[in-house]
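Colleague: I need the structure of the sequence given here:
(2 chains)
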Amino acid sequence: MTATPHVHPPQEVPSDDPRVELDAATGAFEPIPPYPPRTERESEFYTLGDGEMFINMGPQHPSTHGVLRIVLKLDGENVVDLDPVLGYLHRGVEKLCENADYHHSIAYLDPLEYISSLFCEWPGVLAFEKLLDVEVPRRAEYIRVLATELNRILSHSMFIGWMALDLGGLTPILYSLIERDEIAEMLAALTGQRLLFNYLRIGGVNGDLNHEFLSRLGDWMSRATTQIESNLTLLNENEIFVRRMRGLGTLDKETAFRMAVTGPNLRASGVPLDFRRAHPYSVFPELEFDIPTRDEGDCLARYLVRIDEIKQSLRIIDQCLENMPDGPIMAKLPRLLRPRPGRAYAAVEGPRGQYSAYVISDGTDQPFRMRIHDPSFVHLQSVGVLMPGHLIADAMAVMASLDPIMGGVDK
Amino acid sequence: MTAMTRTWGRMTLAGKVLFTVVPILLVLTLGLIVLVVVAGKPIVDFLAANLWLVRFVVAATAVLLVSVPFAFLIMYMEMKIIALMNLRIGPDRVGPYGSLLSVVHGLKVLMKEDFSPTGADRLVFTLAPIAVFMATIMGMLVLPFAPGLFGADMEIGLLYFFGVTGLSVVGLLMAGWSSFNKYSLLGGLRSAAQVISYEIPLTLSVVGLLLLAGTMSLNTIVLNQAGWFTDWYVFQQPLGALIFFIAATAEANRTPFDLTEADSEIVAGFATEYSGMRFGFFFFAEYVNVFVVSGLIVTLFFGGWNAPFAWPEAWAVHLTIDPGSLGIGLLFALLIVPPVLILALAAPFFLLRSSMPWWQALIIGFVLFNLLIGAAVTGLAYVSWPWVAGLAWFLMKSYAFVFLFVWMRGTLPRVRIDQLMGFAWKWLLPAALLNLFVTAAALVVVHPK
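Modeller: All right, here's what the predicted structure looks like:
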């Protein structure tokens, strides 16, 4: 059999998805677009070679981390090629922000990545502050760092659980959920919400530290290190887990740069790039912490870098609590914000990498343009480099190790 | 006709059940009476001449029936133990500590829609779960539960077991092929590759044991291991037992070798398109299989129904109570002992706890009395009948291994398919051959002909 282009049978039942058509001969839905291929790449991908088949992974699949759909071209169990199909969770966040005033648009930034909400708010808030030339009180900056570092631990601990779940381990996800729940409860005491915190404000934060938050934090900090360590023993000393992760999906430095990878995924490839040090913002110049890196660039390195980052975050939280200054938590600002026309850009280092926002103001009380850069979306493009050549099981593990959140990908 | 349909539509569920079941039972009873009257004598004569048939039917029925509570218990263990390992509470609503949840699961799959996808091969799709279930149940037929308590004692018991349980892969492949789903197909092919690969180390690992035992009859293998626990074959064949355990885990598709239903990779593998009772059969067969595999490990390597210790004959207790010899005293004992004992057991609770009303103390006394009598009857049965003792030991040991399987499921992640195959061919197979070689050499040295 030679490679022949797919012949399109007449479509009988129109599908909701324009990229899926009903095969009249078999009654099966084949993930082949009904229109003639528009690009070279599309015609190459949707032509089956000898012994190959398409498999439609998602949008309802147990391990695609939300509503990602990947059309995989398989040869047996080997992934030959893939075509990610995005947009199932598109909510038009950028456009929503452009139709709300500055205070209001922070709430729209929140649900971008529902695991790390505070990091989605922060670049937007920073960019607005640059536009308005606001000086944030030091106490507010410290509270911001404290809350976001807690959010980073929350996100990383969920990553550990998901990673194990995608490799077939049932238990670590529940241990992770315990950590996550502790942190969610204490952030709920601080912000009033468990998931979408909506805590940062232009010029400060929404509420001051309170007794419940501090007592929960102290209680948790006293046993966090040992608890996280003991949970990790289940995975780090597990031969099956380590053998599956080592050498899997290796991302070298050059490819990582080419794919615009940032955050822990880049640091796992041996590049010590951290926006908290490279482009300091907030009070990070005053804080002591290391930038953990690994040279291997494989899934195990990406996993271990995140564990090291949890420990560094605990260090930062300790310093924040020690150096917490007194003072106001909000700058004095008018109720209605009208920045002068101009542009501002701000980036922060989140649990997945670079979160940034670019705002254009036209002098009204609404942003003229709001561009959001989300690391999940950027990282997802490197699955095209990493997945082919692996088995299905490993392909899922590779995707999990990049830690994409579909809310951030589809915006 | 319309009136009948309307009446039927107005009936309650209980009424419908009653009006369906009672006529059927009536017809069946009448048929049976007619059959006995017309052809009673020849049937009885035929059965008396072919006792093996009666024995087979009884054994098959018993094995089918007994598999239900065994599987339900394993399902509950899996839910509850993994929940406790995950620091969850697990099932706690139906029955004491949620122990009836697996029964509810069984009823649930019965009531669900029996769906088959467009384009599926309906016949094969329906036969596949039955094939898997039958293969598992037939393996249970040769398991010796206790002295004298087994379906069949074949001279080729072990061979029969491997042959029959190996058939389940045909069912899995049928399911994967007929579902008309690529995930199912991948799952079915994975299971074929996995089960056939692990069949070889599984079979080779017991050849050393067969050399020692000199028979393939499972009953005789158990009898050979009588005495203290040091006589169990696991101490003579440690490597064989280890290989057998690992290969049996793969055969039963349990974690870390549960690639055929890896939910994070191929949704649910061969069972992706199944629902209702067809899925229920797969589900059920999986848990019965866990029990069968544990039972076989116990039978081969851990002494089967033998107790781990052998009392010297001098210590043996021979309790013989002849109720007839007590005469009228028996009546008085039955009349007087229970109330007196209940009062005696209730008294300390009533006297020592001032907050306890008398009726609560009486209830406690009654429950304690029943527990005491239950324990006494069980103890008496254990001492008097060897099959009770044997069954108790067999089930205890088997469920210890079931616990081990559940523990592994709660702890380990899944291996990759190439690691799985590599492990079977590169490590287990040479190790099994080494075990066989060492055993044969040792036998030649110890018992030269």
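Colleague: Now do stretch A:51-70, average pLDDT.
Modeller: Along stretch A:51-70, the predicted confidence averages to a pLDDT of 80.
Colleague: and it, which residues are buried?
Modeller: The neighbour-count criterion (16 or more other C-beta atoms under 10 Å in any protein chain shown) identifies A:53-59, A:61-70 as the buried residues of stretch A:51-70. Heads up, the C-betas are built off the backbone N, CA and C, glycines and all.
Colleague: Keep the residues you listed, but drop any that are not near chain B.
Modeller: When those are filtered against chain B using C-beta under 8 Å from any C-beta of the partner chain, the residues retained are A:53, A:55, A:61-63.
Colleague: which one among those gets closest to chain B?
Modeller: Among these, A:S63 lies closest to chain B (C-beta to the nearest C-beta), at 3.9 Å.
Colleague: Residues of chain A that sit close to chain B?
Modeller: Residues of chain A that fall close to chain B, judged by C-beta under 8 Å from any C-beta: A:26-28, A:53, A:55, A:61-63, A:77, A:164-171, A:174-175, A:178, A:234, A:238, A:240-241, A:243-244, A:391-394, A:396.
Colleague: Filter those down to the ones in strands?
Modeller: Residues from the residues of chain A next to chain B lying in strands, with DSSP state E as the criterion: A:53, A:55.
Colleague: Now that you've got the residues of chain A next to chain B, can you turn the buried subset into something I can paste into PyMOL?
Modeller: With 16+ other C-beta under 10 Å as the burial test, the buried ones among the residues of chain A next to chain B are selected in PyMOL as follows:
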select buried, chain A and resi 53+55+61+62+63+77+164+165+166+167+168+169+170+171+174+175+234+238+240+241+244+391+392+393+394+396
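Colleague: Indicate the residue of the stretch 301-449 of chain B located nearest to chain A.
Modeller: Checked against chain A (C-beta to the nearest C-beta), the nearest residue in the stretch 301-449 of chain B is B:R414, 2.8 Å away.
Colleague: now swap in the stretch 1-150 of chain B and tell me
Modeller: B:N86 (4.0 Å).
Colleague: my read: that residue touches A:G169, true?
Modeller: No: taking contact to mean C-beta atoms under 8 Å, the distance of 10.8 Å between B:N86 and A:G169 leaves them out of contact.
Colleague: Let me see the contact set for A:R343.
Modeller: Going by C-beta atoms under 8 Å, 6 or more residues apart in numbering or on different chains, A:R343 touches A:358-361.
Colleague: give me phi/psi at A:D133?
Modeller: As for A:D133, its main-chain torsions (degrees, to the nearest 10) stand at phi 60, psi 50.
Colleague: burial of it, as a residue count?
Modeller: Here the neighbour count serves as a burial measure; for A:D133 (other C-beta atoms under 10 Å in any protein chain shown) it reads 9.
Colleague: Identify the residue spatially nearest to residue 341, adjacent ones excluded.
Modeller: Defaulting to chain A. Nearest in space to A:P341, with sequence neighbours left out and distances taken as C-beta to C-beta, 6 or more residues apart in numbering or on different chains, is A:G363 at 4.6 Å.
Colleague: To clarify, I was referring to chain B.
Modeller: B:F369 (5.3 Å).
Colleague: same check, this time on A:R340
Modeller: Nearest non-adjacent residue to A:R340, counting by C-beta to C-beta, 6+ apart: A:G363, 6.3 Å away.
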